[in-house]
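1. Model the structure of this input:
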Amino acid sequence: MRDGRGVGARRTGMACGLLMLVAAAALTGCQQSSGTEERKLDETTPAPTRASGYGVVFLAIDECSSFGRESFTEVPCTSEKAAARVVARHEGKVGEGPPCPATTDFVLHISEQKPSADEDGDGAVPQGYACMRNLEAPHPGDPGGGGGPRTIVGDCVYSAGEGEVRETSCDSTGKKAPEFKVTAAVEKRTGCPASTALYVQLGGPKPVGCARPV
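-> Numbering: from 1, shown residues only. The predicted structure is shown next:
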């Protein structure tokens, strides 16, 4: 898994009030008026609207990031600087939240700071993580690709010490040659075929990977 640092902070509530009539109507859907002068202002002055797409939510689903895992920015997906697209976005820490989709190439960790644009306009984006898919090949998260935050069926691994394996490319283009290939995912070891030589921890509803020598 490769990490990056982004930006974020916490959301705060927003009240509707007389002095914030137009802004409150746009941001919260609340409307409040008092007197002819305020009603006239509400009728003749267009209420500001939030933009859609790039920039509204920091690294929302289908938005793109620049190159880099430790230092990156959100950019329009049409930009020449765009490198990867968000396929899933969750708040909190990776180990405490939902897993990324199986073919995620890498994960960007979003720290809790204060960007210029965020979910609700209050200058805050919560801590979270974005599951990323490269816009162009290679895709290490694909089966046999040799990387990605998850080991899935079709991936290859090699022994990295007692009781530990690491993922590598099935086509032998990685630094380490593949020794085993995950051929099935089951709930319990007893569900693996007889040809299984190694059990690999996968996580998810079928946490046991059945691997055979390659």
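2. From now on I want contacts and neighbour counts done on CA atoms only, so please keep to that.
-> Will do.
3. okay, now the nearest residue to residue 205 once chain neighbours are set aside: neighbour count?
-> Nearest non-adjacent residue to residue 205, counting by Cα to Cα, 6 or more residues apart in numbering: residue 187, 6.9 Å away. Counted with other Cα atoms under 10 Å, residues neighbouring residue 187 total 14.
4. shouldn't residue 187 be in contact with residue 204?
-> No: using Cα atoms under 8 Å, residue 187 makes no contact with residue 204, being 9.2 Å away.
5. Identify the residues contacting residue 80.
-> When contacts are counted by Cα atoms under 8 Å, 6 or more residues apart in numbering, residue 80 touches no other residue.
6. Oops, could you answer that again for residue 136 instead?
-> 83-84.
7. Could you do residue 86 as well?
-> 59-65, 130-133.
8. any idea how far residue 61 is from residue 108?
-> Applying Cα to Cα, to the nearest Å, the value for residue 108 to residue 61 is 13 Å.
9. With residue 130 instead?
-> For residue 130, the distance to residue 61 - Cα to Cα - is 8 Å.
10. Who has more neighbours out of the two?
-> Legend: neighbour count by other Cα under 10 Å for residue 130 and residue 61, higher for residue 130 (28 against 17).
11. Which strand residues bridge that one?
-> residue 89, residue 108 (DSSP bridges).
12. Point out where the protein drops to low pLDDT.
-> Applying pLDDT under 70 to the chain flags residues 1-56, 113-125.
13. can you do 80?
-> 1-57, 68-71, 112-126 (pLDDT under 80).
14. Break down it into its helices, ranges please.
-> For the chain, the helices defined by DSSP state H occupy 21-28, 36-44.
15. residues touching residue 74, list them.
-> Neighbours of residue 74 in contact, by Cα under 8 Å, 6+ apart: 55, 58-59, 63-66.
16. With residue 77 instead?
-> Contacts of residue 77 by Cα under 8 Å, 6+ apart are 63-65, 85.
17. one more time with 6 Å, if that's ok
-> If you count contacts by Cα atoms under 6 Å, 6 or more residues apart in numbering, residue 77 has them with residue 64.
18. Quick check: the gap between it and residue 83.
-> 8 Å.
19. Likewise for residue 130?
-> Taking Cα to Cα, one finds residue 130 at 14 Å from residue 83.
20. got it, and residue 196?
-> Taken as Cα to Cα, the span from residue 196 to residue 83 is 38 Å.
21. And residue 210, by the same measure?
-> Taking Cα to Cα, one finds residue 210 at 34 Å from residue 83.
22. for residue 109, same thing?
-> Distance of residue 109 to residue 83, computed by Cα to Cα: 16 Å.
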